[in-house]
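A.B. asks: Based on what follows, work out the 3D shape:
(3 chains)
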Amino acid sequence: MDQPIFVIPLWADLTAVGLGGIQGALFASGFRGDRRLDLLGVAIIGVVMGMGGGLIRDLLLNVQPVTLQSNWYLITATVAALIGMLLAGVFQRLNTLIVVLDAVVIGMFGAFGTSKALALGLPLVPAVFVGVCAAVGGGILRDVMMGLPVAIMHVGSLYAVAAGAGCLVLAVSSAFGLALVPAAVIGIAVTTVIRILAVLFDVSLPEQRMLHRRKVAVETSAIPTVRP
Amino acid sequence: MDQPIFVIPLWADLTAVGLGGIQGALFASGFRGDRRLDLLGVAIIGVVMGMGGGLIRDLLLNVQPVTLQSNWYLITATVAALIGMLLAGVFQRLNTLIVVLDAVVIGMFGAFGTSKALALGLPLVPAVFVGVCAAVGGGILRDVMMGLPVAIMHVGSLYAVAAGAGCLVLAVSSAFGLALVPAAVIGIAVTTVIRILAVLFDVSLPEQRMLHRRKVAVETSAIPTVRP
Amino acid sequence: MDQPIFVIPLWADLTAVGLGGIQGALFASGFRGDRRLDLLGVAIIGVVMGMGGGLIRDLLLNVQPVTLQSNWYLITATVAALIGMLLAGVFQRLNTLIVVLDAVVIGMFGAFGTSKALALGLPLVPAVFVGVCAAVGGGILRDVMMGLPVAIMHVGSLYAVAAGAGCLVLAVSSAFGLALVPAAVIGIAVTTVIRILAVLFDVSLPEQRMLHRRKVAVETSAIPTVRP
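C.D. replies: Next comes the predicted model:
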């Protein structure tokens, strides 16, 4: 267990970490007023978004966090966050680029999580669960640390569902004998396409249906929505 | 450590997970307005309440999370959450049933946590601590993910205390030579009874006493209180 | 991995845990109104502040949490929290003492975290990261559990930077051949001095700079700031 038999290529892992770091900084740099962040805060959010998914995956699998076994993960995430912050004005005019990048990152984190879980012997359902946690975990940590409502909990585009679908396709392909690398590529593609289509067509899950007796008054909170 | 010598029977574990999932869905389905959850959100809260306690227990003990070693945990928690959501209208008219179920679930998670910690060789005090974390951890995760104040932190019925008392009785009985199974049954009974009595008689801990110099203005937040 | 080669002396560890527990109770006892805590809530915050850093460190390193291997950690943190609560009125008139104690505690948690990470073979950058997480992790957990904005994320005195500087000096000294004990002492001193100077001269990091298009309206929240 301490020497995982499954290794994600460093370049692929660092690509996901770097893209996550940029995403985090773009998100964090949207805040003003009392919630404004200093340089360190933006860097922290970048690190959380870039490395959070991998950390959560390895905690759930009870293995050494890969992101702490090399200097490169933290350096990549931090540098990516600073670049993201400096270029936030440019990036925010390229909304399409952000959505696509984000979809690819989710797909990568999900695929890496599910692949590693399968390689360590987990059954199909928990392997998909670990992948989804890896994909959306960074965003949950970000929201919790910034004191925001956790985005994936509320009515919105099919965020976690896209991750889950990609991970499920990967796991099922693998169960039918496909090698992990092509299965992961297919899984990443499925997640990316579903996520982009969901944003394009503004799809959302049906709300829960139930007769209820009491109303809860909640104020509308204005949040910048890099991630819708 | 990777092959725990102590095994909670699957049926007992899944019972606790399923009851937790129902509880989570009942809680989540009380929200409306900006905080309303979609189907996925309700399922996530169900999974968090059903599996969160066991995950936290195994993270603290640094062992493989049992809830990820079989497909049944996630399936049970998700199905239970969906059932809870569909029947929320019925359940909410059976408030007594909810309180009793909840008390039993807390007792079970606490007893499983403390038993496993003792079986792995932890001393008495941390074993009780692990049990309490397992009992209330799901609720803490739920509150954090929903952006609510963490319920056990604020003046209310003796929630964590009931869990702690049951775990303590279990650990002390075990220290005096009682086998784990009868000790666990006694511990579950103690937690359940204290929790139900606390709700019945609306007992709460004394507030902290201190002379203070400043007042903090906080808005009243309206939260549905399945768990008071 | 299950038998760490590196052992922090129990007295030093318990000193940090006890000081952390007092800090947590002082913080928690500042709340009134809807956010007021009962006795249990204050004790929980004390335990979170006293033991949270060590727990996070050991989770990141994937080793048995040391704080759960002995009865003394929980007993120390709880007793310290109760003392802190009873004497909160006295302590709050000694603001200087609180700031100094806090700076020393941050330094100790950071130094213990980085030392243990280096001893377990982590490279320099992640070892510093683990130290910073150990130093500020308790405070983050506290803020999340109390539903407050996470203090280190927002413009303020150089809190995490002080921890990072001390951990970096420790790690670099160690890389140049200095033994861990003197390196840790130097690291603690660096963190303490930077933190105290930052409070004295009210230094803060520059805010992020970026042209932005939208403003976010956020209400001012009144929070007692034991930790500025």
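
A.B. asks: what's the closest residue in space to residue A:172 that isn't next to it in sequence in contact with, if anything?
C.D. replies: Excluding the flanking residues, the one nearest residue A:172 by C-beta to C-beta, 6 or more residues apart in numbering or on different chains is residue A:124, at 7.3 Å. All C-beta spots, glycine's among them, are computed from the backbone N, C-alpha and C. Contacts for residue A:124 (C-beta atoms under 8 Å, 6 or more residues apart in numbering or on different chains) come out as A:118, A:171-172, A:175, B:71.

A.B. asks: what do you get for residue A:15?
C.D. replies: By C-beta under 8 Å, 6+ apart, the contact set of residue A:15 is residue A:108.

A.B. asks: Which of the helices or strands spans it?
C.D. replies: Assigning secondary structure by DSSP states H and E places residue A:15 in helix A:10-28.

A.B. asks: now the helix or strand of chain A with the lowest mean pLDDT, how far from the centre of its chain.
C.D. replies: Every helix and strand in chain A was compared by mean pLDDT, DSSP states H and E; the lowest is helix A:88-93, with a mean of 76. From the chain centre to the centre of helix A:88-93 is a distance of 20 Å (C-alpha atoms, centre = their mean, to the nearest Å).

A.B. asks: Any part of that helix near chain C?
C.D. replies: Yes. For helix A:88-93, a contact with chain C is found by C-beta under 8 Å from any C-beta of the partner chain, at A:88-89, A:92.

A.B. asks: So which of those wins on neighbours?
C.D. replies: Greatest neighbour count in these, by other C-beta atoms under 10 Å in any protein chain shown, goes to residue A:88: 24 neighbours.

A.B. asks: sorry, back to before: what angle sits between whichever helix or strand comes after the helix holding residue A:15 and helix C:39-61?
C.D. replies: Remark: after helix A:10-28, the chain's next helix or strand is helix A:39-61, criterion DSSP H and E. Here helix A:39-61 points in a direction 80 degrees away from that of helix C:39-61 (axes from the mean of the first three to the mean of the last three C-alpha atoms, to 10 degrees).

A.B. asks: can you state the direction angle for helix A:39-61 and helix A:10-28?
C.D. replies: On the basis of the same axes, to 10 degrees, helix A:39-61 is oriented at 130 degrees to helix A:10-28.

A.B. asks: so how far is the longest helix anywhere in chain A from its chain's centroid?
C.D. replies: As assigned by DSSP state H, the longest helix anywhere in chain A is helix A:95-119. Remark: helix A:95-119 is offset 7 Å from the chain centroid, using C-alpha atoms, centre = their mean.

A.B. asks: Same check on stretch A:137-149?
C.D. replies: Averaging C-alpha positions (C-alpha atoms, centre = their mean) puts stretch A:137-149 11 Å from its chain's average.

A.B. asks: now check it, is it near chain C?
C.D. replies: Yes. Using C-beta under 8 Å from any C-beta, we find that stretch A:137-149 touches chain C at A:144-147.

A.B. asks: Tell me which of the residues you listed fall in strands.
C.D. replies: Per DSSP state E, strands hold no members of the residues of stretch A:137-149 next to chain C.

A.B. asks: Report the entries of those that also contact chain B.
C.D. replies: Residues of those in contact with chain B (C-beta under 8 Å from any C-beta): A:144, A:147.

A.B. asks: of the residues of stretch A:137-149 next to chain C, closest to residue B:194?
C.D. replies: Nearest to residue B:194 out of the residues of stretch A:137-149 next to chain C is residue A:144 (C-beta to C-beta; 31.0 Å).

A.B. asks: I'd assumed residue C:144 was in contact with the closest one.
C.D. replies: Yes. Judged on C-beta atoms under 8 Å, residue A:144 makes contact with residue C:144 at a distance of 5.8 Å.

A.B. asks: who touches both of these two?
C.D. replies: Shared contacts of residue A:144 and residue C:144, defined by C-beta under 8 Å, 6+ apart, comprise residue B:144.

A.B. asks: so when I look at residue A:63, I'm seeing a strand, right?
C.D. replies: No. Under the criterion used here (DSSP: H, G, I helix; E, B strand; the rest coil), residue A:63 is coil, not part of a strand.

A.B. asks: Give me the helices and strands touching the least confident helix or strand of chain A, please.
C.D. replies: Using 3 or more C-beta pairs under 8 Å, 6 or more residues apart in numbering or on different chains; DSSP states H and E, the elements in contact with helix A:88-93 are helix A:10-28, helix A:95-119.

A.B. asks: can you put these in CSV and add distance to residue C:134 and mean pLDDT?
C.D. replies: Listed next are those as CSV, based on distance: least, C-beta to C-beta, whole Å; pLDDT from 0 to 100:
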stretch, distance to residue C:134, mean pLDDT
helix A:10-28, 22, 89
helix A:95-119, 25, 89
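
A.B. asks: okay if I get these as JSON lines plus distance to residue C:61?
C.D. replies: Below are those laid out as JSON lines (distance: least, C-beta to C-beta, whole Å):
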{"stretch": "helix A:10-28", "distance to residue C:61": "20"}
{"stretch": "helix A:95-119", "distance to residue C:61": "19"}
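
A.B. asks: circling back: ok and the longest helix of chain A relative to helix A:10-28, angle-wise?
C.D. replies: 130 degrees.

A.B. asks: How many neighbouring residues does residue A:199 have?
C.D. replies: Per other C-beta under 10 Å, the neighbour tally for residue A:199 reads 21.

A.B. asks: now the spatially closest residue to residue A:141 that is not a sequence neighbour: how far from chain C?
C.D. replies: Counting by C-beta to C-beta, 6+ apart, residue A:52 is the residue found nearest to residue A:141 once chain neighbours are left out, at 4.4 Å. Look at residue A:52 and chain C: by C-beta to the nearest C-beta, to the nearest Å, they are 12 Å apart.

A.B. asks: Over to residue A:63?
C.D. replies: 7 Å.

A.B. asks: Touching, that residue and residue A:120? I think so.
C.D. replies: Yes. Judged on C-beta under 8 Å, residue A:63 makes contact with residue A:120 at a distance of 7.2 Å.

A.B. asks: Wait, residue A:88 touches residue A:29, no?
C.D. replies: Yes. Between residue A:88 and residue A:29 there is a contact under C-beta under 8 Å: 4.2 Å.

A.B. asks: can stretch A:57-72 be found next to chain B?
C.D. replies: Yes. Shown here: stretch A:57-72 in contact with chain B (C-beta under 8 Å from any C-beta) through A:59-62.

A.B. asks: still on that earlier bit, quick one: the contacts of residue A:124 as JSON lines, columns for secondary structure and distance to residue C:183 too.
C.D. replies: What follows is the contacts of residue A:124, written out as JSON lines (DSSP: H, G, I helix; E, B strand; the rest coil; distance: C-beta to C-beta, whole Å):
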{"residue": "A:118", "secondary structure": "helix", "distance to residue C:183": "42"}
{"residue": "A:171", "secondary structure": "helix", "distance to residue C:183": "46"}
{"residue": "A:172", "secondary structure": "helix", "distance to residue C:183": "51"}
{"residue": "A:175", "secondary structure": "helix", "distance to residue C:183": "50"}
{"residue": "B:71", "secondary structure": "helix", "distance to residue C:183": "48"}
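
A.B. asks: which parts of the helix holding residue A:15 are buried?
C.D. replies: Residues of helix A:10-28 classed as buried: A:13-14, A:16-28 (neighbour count, 16 or more other C-beta atoms under 10 Å in any protein chain shown).

A.B. asks: Keep only those of these that are also close to chain B.
C.D. replies: Among the buried residues of helix A:10-28, no residue is within reach of chain B (C-beta under 8 Å from any C-beta).

A.B. asks: Perfect, I'm done here.
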